[in-house]
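Enquirer: How does the following fold in three dimensions:
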Amino acid sequence: MAHINLLPWRENLRKQRKREFYLQLLGAVIVALLALVLWHIQVVDQIEYQKSRNTFLKAEIAKVDKKIREIRDLEKRRAELVARMNVIQQLQVSRPQVVHLFDELVKTIPEGAYLDQLTQKGDAVTLEGWAQSNARVSAYMRAIDKSQWIKDADLKIIQSDDRKKTAAGMSRFKLVARQANPNVNEEQKGQEGS
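Expert: Below you'll find the predicted structure:
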């Protein structure tokens, strides 16, 4: 007898294929979700790693900024110390100049003239005093110009007031001169030679 299959084999085959399709679809969805979760975990891990790097960099930048501030403070302190050293050096250099200035004032002032006020600003020296005559003031100016430590005498004022107000007809004078240092040229030559 012939074999007749009365079972709905086509319908069973369709159901089996449908079941396999849904299983494959479910597997694909699970694989996609798994891939998405793994990708998300990797991205979160990379974000955390970058945040830790940023935190590290911020900490290092803060350290470097602190060191930069310290360096600036040190440079400022150094500049202040150099300025102080320069002032001290200038004072050391100018200390003997004051002695020479007073010595030259005594040597150059002629008889019949005297000083009652001396003012110095930088290398400008203002001399005020009294002289018996204008010739004495001229002699004083010539003596200043011949001096090694005082130069460029410039007469600003000479006044012959009423004879009753001034003793024995003396004239008031005011000179401005420049303090010189003859050793500066020798020091410069010595520095240039070495």
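Enquirer: Please identify which helix or strand holds the residue positioned nearest the centre of the chain.
Expert: With distances taken as CA atoms, centre = their mean, Lys76 lies nearest the centre of the chain, 6.3 Å away. If you go by DSSP states H and E, Lys76 is part of helix 9-108.
Enquirer: just checking, what packs against whatever helix or strand comes next after that helix?
Expert: Downstream of helix 9-108, the first helix or strand assigned by DSSP H and E is strand 113-121. Here strand 113-121 is seen to pack against helix 9-108, strand 124-131, helix 134-146 when contacts are counted using 3 or more CB pairs under 8 Å, 6 or more residues apart in numbering; DSSP states H and E. Every C-beta, even on glycine, is put in place using the N, C-alpha and C of the backbone.
Enquirer: Pick the most deeply packed of these.
Expert: Counting by mean count of other CB atoms under 10 Å, strand 124-131 has the highest mean neighbour count of the helices and strands packed on strand 113-121, with a mean of 19.
Enquirer: so for that strand, what's the average pLDDT?
Expert: Average pLDDT, strand 124-131: 89.
Enquirer: quick revisit: can you list the helices and strands packed on strand 113-121 in JSON lines and add distance to Leu175?
Expert: Shown next, in JSON lines, are the helices and strands packed on strand 113-121 (distance: least, CB to CB, whole Å):
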{"stretch": "helix 9-108", "distance to Leu175": "11"}
{"stretch": "strand 124-131", "distance to Leu175": "5"}
{"stretch": "helix 134-146", "distance to Leu175": "7"}
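Enquirer: so which of those gets nearest Asn183?
Expert: The closest of these to Asn183 is helix 9-108. By CB to CB, the value is 8.7 Å.
Enquirer: Check the offset of that closest one from the chain's centre.
Expert: Centroid separation for helix 9-108 versus its chain: 26 Å, with CA atoms, centre = their mean, to the nearest Å.
Enquirer: okay, the angle between that helix and helix 134-146?
Expert: 130 degrees (axes from the mean of the first three to the mean of the last three CA atoms, to 10 degrees).
Enquirer: what ranges of this protein fall below the confidence cut-off?
Expert: 1-2, 5-6, 161-168, 184-194 (pLDDT under 70).
Enquirer: Would you mind giving the domain segments of it?
Expert: As assigned by automatic domain parsing, the chain contains the domains 14-97, 109-193.
Enquirer: Output those in JSON lines, with distance to Pro8 appended to each entry.
Expert: Compiled in JSON lines, these are given as follows (distance: least, CB to CB, whole Å):
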{"stretch": "domain 14-97", "distance to Pro8": "9"}
{"stretch": "domain 109-193", "distance to Pro8": "119"}
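Enquirer: Could you point out which of these sits nearest Asp103?
Expert: domain 109-193 (7.6 Å).
Enquirer: quick one on the thing from earlier: quick check: the residue nearest to the centre of the chain vs Lys66, distance?
Expert: 16 Å (CB to CB, to the nearest Å).
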